[in-house]
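Undergrad: coords below, sequence missing:
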């Protein structure tokens with residue numbers, strides 16, 4: 001493992017030295033945010049997908065954080081557009097799943113027991129090999145065979161993890177996603193939530209109207225999408241026409 005990390009570090013340094021992007025760097029990413037609900041957000045997302053790929057030959061890969069309401073709304077939008085057959089996979093963000101693995105490990109071993117980390121390591125490997133069902137099966141066996149030794153709080157934690165894995169198993173085919181070269185984490189999206197929204201909108205004493213917040217979010221998205229110069233040219237032209245009318 002240490003040898004692999006060293007190789008990764010050397011590769012990053014080599015690419016940086018030659019002015020190349022980091023390995024697996026996202027290309028042509030676009031930021032956007034809306035204050036007007038999931039339906040508006042996913043309709044806008046679908047329009048951007050259509051603009052990028054108007055002939056519609058490419059498959060669509062989706063990463064979600066596990067909330068069922070956004071998944072349902074997104075699937076409804078894609079179904080309306082006849083895109084359901086284009087979906088290459090719906091992936092549950094691996095970092096959200098890891099939170100549940102750590103909770104189960106804590107319930108079984110406690111926070112300071114070295115066995116906690118070993119258990120999580122073993123289950124993570126199983127997860128990446130497509131073994132989400134094996135993990136829930138193992139937890140059920142523990143509850144059945146040794147549940148009488150566990151406290152009520154431990155049983156609640158284990159049952160919570162089992163239910164979560166069962167509800168999201170269709171999104172946890174990590175072996176297939178990795179084999180296809182797909183990402184399995186939402187780090188890029190989480191980072192966008194922080195840089196696009198939280199850093200500007202969240203703070204002590206700040207108050208926003210929906211319209212005002214949306215205006216700021218739009219401006220920040222334009223800036224982070226590197227569209228500022230084009231936007232300013234459009235804005236100047238639009239204001240000129242508004243004040244003086246179109247040239248003959």
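TA: Thanks, I have the structure now. Because the structure is a prediction, the values reported are computed rather than measured.

Undergrad: roughly how far does residue 201 sit from residue 175?
TA: Residue 201 is 38 Å from residue 175, where distance means CB to CB, to the nearest Å. C-beta coordinates here come from the backbone N, C-alpha and C atoms, glycine included.

Undergrad: now the helix or strand harbouring residue 234: mean pLDDT?
TA: Using DSSP states H and E, residue 234 maps to helix 228-244. Averaged over helix 228-244, pLDDT sits at 92.

Undergrad: cool, stretch 184-196 as well?
TA: 84.

Undergrad: go on, stretch 112-120?
TA: The model assigns stretch 112-120 a mean pLDDT of 92.

Undergrad: also stretch 75-94?
TA: Over the span of stretch 75-94, the pLDDT mean works out to 91.

Undergrad: what are the buried residues along it?
TA: Neighbour-count burial for stretch 75-94 flags 75, 77-78, 83, 86, 89-94 (criterion: 16 or more other CB atoms under 10 Å).

Undergrad: nearest to residue 12 among those residues?
TA: For the buried residues of stretch 75-94, the minimum distance to residue 12 (CB to CB) is 20.9 Å, reached by residue 94.

Undergrad: from what I see, that closest one and residue 187 are in contact.
TA: No. Applying CB atoms under 8 Å as the test, residue 94 and residue 187 come out as separate, 9.7 Å apart.

Undergrad: for the host helix or strand of residue 99, packing partners?
TA: Element membership for residue 99, per DSSP H and E: helix 94-109. Using 3 or more CB pairs under 8 Å, 6 or more residues apart in numbering; DSSP states H and E as the contact criterion, the elements in contact with helix 94-109 are helix 114-128, helix 132-146, helix 152-168.
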